[in-house]
Structures are given as C-alpha cells and as structure tokens.
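Asker: Let me see the structure of the following:
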Amino acid sequence: MNTDVSDSGPLCGSTGHHLEVFVAIVDRNGFAAAARHLGRSQSDVAYAIEALESKVGIQIFEQSTYRPTLTAAGRALLLEARRLLADMNAISQLELSSSTIAEAELTIVTDMLVPVVHVANAIANVQSKFPTVNIRLNVDAPSCALNMVRRNHANVGVLSAQPPFCADIQTICWAEHEFIAVAAPSHPLAKARRLVACDLLGYKHLVSTQTRASINTHVVCSNASDMWTVTDLLTKRVLLLAGMGWGSMPDHLVSEDLLSGNLVKLNLRALQKSTCCSRYSTVIAWRREWQQGPVARSFIEELLPYAG
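Answerer: Numbers count the residues shown, from 1 in each chain. Coordinates of the predicted model:
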C-alpha cells in the first residue's frame, strides 16, 4: 500500500513511516525504545524525525530535555499524526477485506473442446466451500467463449487455446488434448489395418462447423462431396455411433466409447501430418485487469489437479 499522506493539513506529503516513528517515540518515551520497537537503528529513527520536521517546518521535540518532550507545535502535530495513521490503517483493512470477501457471483465460460466434466467437478467443490455464491456456467464455441472473457461477460474462461492471445488476457496452460479419427465398428474403414488418403474416398467425413471455424483441426482429408457438415460435436458423436461416417473427435468426448468398443480408432498413420489428427492445448484465462476474489481463486485451484 502507498503510505504517502495526501491530506490538506501540515502533514501533507509526509510518509507513513515518518509518522509511525514520531508516534512510536512518544508512546515508547524515547528514541532508543522506539528504534527497538520498530526494528530499526536509532540513527534511522533520528533521521525520520529530522525529515518530518523539515517537511512540516516546525520543531517537534524540545532540545533542552533528556527525555523527548513535545513542543506545543509537536503536541498539535501528534493529534493529526495519530488520525492520519488510523485512516491509513482503515484503508489497509478495507483493501485486505476486499480481497478476502467472497464474490456474490462468478461467471465461467468454457467451450466444447474442453472436458466439461472436470470443470463441473471444480465448480461442485467450489460451491461446497461457498454455498451462497451464484456460479454461472456457459458452454459455447471456442471463439465465442474467448470473446465472453474479453468483453467482461465471463470472469474466468476454460478454453481451447487460440494463440496468440491479446495482451489484455492472462492465461495458465491447463491440459493437452488431441483429435482422434474414429468410426463405428461396423463401418468399413474400421476394419482396415492401415489407411491412406485414397482409402477415405467415397466415405462420409463428418465435420463440425464450430470447431472447424475456431481451430484449424479439420482440414478435410477427402473430397468435398464426401463431407457431411454438422453444427456441433454431440450431434457428430451420435452420427458416428450410428455408423453414418467417420470423423475426428476430441479424445475426452470419445474415450468411454473407445473403451466400450462403441467406436474404433482409425489407423491413419499415413495421415499423421494431416490436421485430422491434431493436438491442441487448453488454458485457464481471465482479463489482466480483473481482481480475482476468493471464489475465483478457489475455482482455478480446483482446476489445476486436472492439468497435464
């Protein structure tokens, strides 16, 4: 905290340190005792008083006495010094309390490429700590989710990375994910041991318009006539499970389907350099100017164990 005193009285421009030394000398009845109390050298204490006297233009202590004795002007100055120190302490307490009082509301935004289950678990843990706080969660397309943070419509974003970020956005790297090319086990491509580009011709390639527009991960690996566009990943997953085509999905959305055998990972090693099988990063993001409260800090801390 800045301890410069900007009052209109005679202490205008004096520092809080000088005032603390002044009051300590009076309360401890001596320069040496004040120095011990403040953890400073006696010369530092003497210099602080000289600086204060020079600033206010008066003599604070009588020079003819062994013990520090206030002059008439010094006694008047002491009252104002105590008042200003009390005011500065009150401001410090106010600043401290503002950083420790729980926010009334926290708005979180994430996108479809982020494992929402981890976000939900973090929210549940935060809600148990702060049961009266209203927590809002929005799930949107990646570009829209980032804009919610930038436009102050959301406090914290858990987002698929879209670097470079603007200078006004602070980020923490969270987790790495990848797109996996999959199909239903009944699909002809699922039976192939190794696939090359020409093997994909004639089979419907399911593509999500939102992810394709937001992250360059879905460059089509087949003819345009073979592409089937869907608006969201959940619809795409349903169509994949129904054997309506093949496509790339975020690993976290199909991990259980792969374990259960409802979907099969396609062997596209010949196409590894293609963006059909891209990796992508996720980040925790917020505006640099935003002052985090305890609820937001708790939410971010709850997310960190899922980093990787």
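Asker: Buried ones in stretch 281-296, by neighbour count?
Answerer: In terms of neighbour count (16 or more other CB atoms under 10 Å), stretch 281-296 has its buried residues at Ser281, Thr282, Val283, Ile284, Ala285, Trp286, Arg287, Gln292, Gly293, Pro294, Val295, Ala296. The way it works is simple: take the backbone N, C-alpha and C, and place the C-beta from them, glycine included.
Asker: Oops, could you answer that again for stretch 229-246 instead?
Answerer: Buried residues in stretch 229-246, counted by 16+ other CB under 10 Å: Val230, Leu233, Lys236, Arg237, Leu239, Leu240, Met244, Gly245, Trp246.
Asker: What of stretch 123-133?
Answerer: Buried residues in stretch 123-133 (16+ other CB under 10 Å): Ile123, Val126, Gln127, Phe130, Val133.
Asker: any chance of those in JSON lines, with secondary structure and pLDDT too?
Answerer: As requested, those are exported to JSON lines (DSSP: H, G, I helix; E, B strand; the rest coil; pLDDT from 0 to 100):
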{"residue": "Ile123", "secondary structure": "helix", "pLDDT": "97"}
{"residue": "Val126", "secondary structure": "helix", "pLDDT": "96"}
{"residue": "Gln127", "secondary structure": "helix", "pLDDT": "95"}
{"residue": "Phe130", "secondary structure": "coil", "pLDDT": "93"}
{"residue": "Val133", "secondary structure": "coil", "pLDDT": "93"}
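Asker: Which member of the residues you listed is positioned nearest Ala46?
Answerer: Phe130 (50.3 Å; CB to CB).
Asker: What residues does the closest one make contact with?
Answerer: With contacts defined as CB atoms under 8 Å, 6 or more residues apart in numbering, the neighbours of Phe130 are Ala102, Pro294, Val295, Ser298.
Asker: can you pull out the strands in the stretch 51-200 of the chain?
Answerer: Under the criterion DSSP state E, counting those that start in this stretch, the stretch 51-200 of the chain contains strands at 105-111, 134-140, 156-160, 169-183.
Asker: Looking at the ones you listed, which is nearest to Ala24?
Answerer: Closest approach to Ala24 among the strands of the stretch 51-200 of the chain is made by strand 169-183 (40.6 Å; CB to CB).
Asker: Work out the sheet partners of the closest one and label each with its direction, please.
Answerer: strand 247-250 (antiparallel), strand 264-265 (antiparallel), strand 279-287 (antiparallel) (DSSP bridges).
Asker: Export it to CSV, keeping only CA atoms.
Answerer: The C-alpha trace of strand 169-183 is given here as CSV (Å, rounded to 0.1, in the frame of the first residue of the first chain):
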residue,chain,number,x,y,z
ILE,A,169,-5.8,-11.7,-21.5
GLN,A,170,-3.9,-13.7,-18.8
THR,A,171,-3.6,-17.4,-19.3
ILE,A,172,-2.4,-20.5,-17.5
CYS,A,173,-1.7,-23.6,-19.5
TRP,A,174,-4.0,-26.3,-18.4
ALA,A,175,-4.2,-29.6,-20.4
GLU,A,176,-3.2,-31.1,-23.7
HIS,A,177,-5.7,-33.0,-25.9
GLU,A,178,-5.9,-34.4,-29.3
PHE,A,179,-8.4,-35.2,-32.0
ILE,A,180,-8.8,-38.9,-32.7
ALA,A,181,-10.2,-40.2,-36.0
VAL,A,182,-12.9,-42.7,-35.2
ALA,A,183,-15.8,-44.7,-36.7
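Asker: Name the next helix or strand downstream of that strand, please.
Answerer: Using DSSP states H and E, the helix or strand that follows strand 169-183 in sequence is strand 205-208.
Asker: for that next one, which positions count as buried?
Answerer: His205, Leu206, Val207, Ser208.
Asker: Among those residues, which one lies nearest to Leu38?
Answerer: For these, the nearest to Leu38 is Ser208 (65.3 Å; CB to CB).
Asker: circling back to that earlier point, of the buried residues of stretch 123-133, which is the nearest to His187?
Answerer: Ile123 (36.6 Å).
Asker: which ones are touching the closest one?
Answerer: So Ile123 contacts Ile108, Ile135, Leu137, Phe299, Glu302 (CB under 8 Å, 6+ apart).
Asker: Swap in 7 Å and give it another go.
Answerer: Going by CB atoms under 7 Å, 6 or more residues apart in numbering, Ile123 touches Ile135, Leu137.
Asker: Same question for Leu239.
Answerer: Contacts of Leu239 (CB under 7 Å, 6+ apart): Leu206, Val230, Gly245.
Asker: Would you agree it falls within a helix?
Answerer: Yes: Leu239: assigned to a helix according to DSSP: H, G, I helix; E, B strand; the rest coil.
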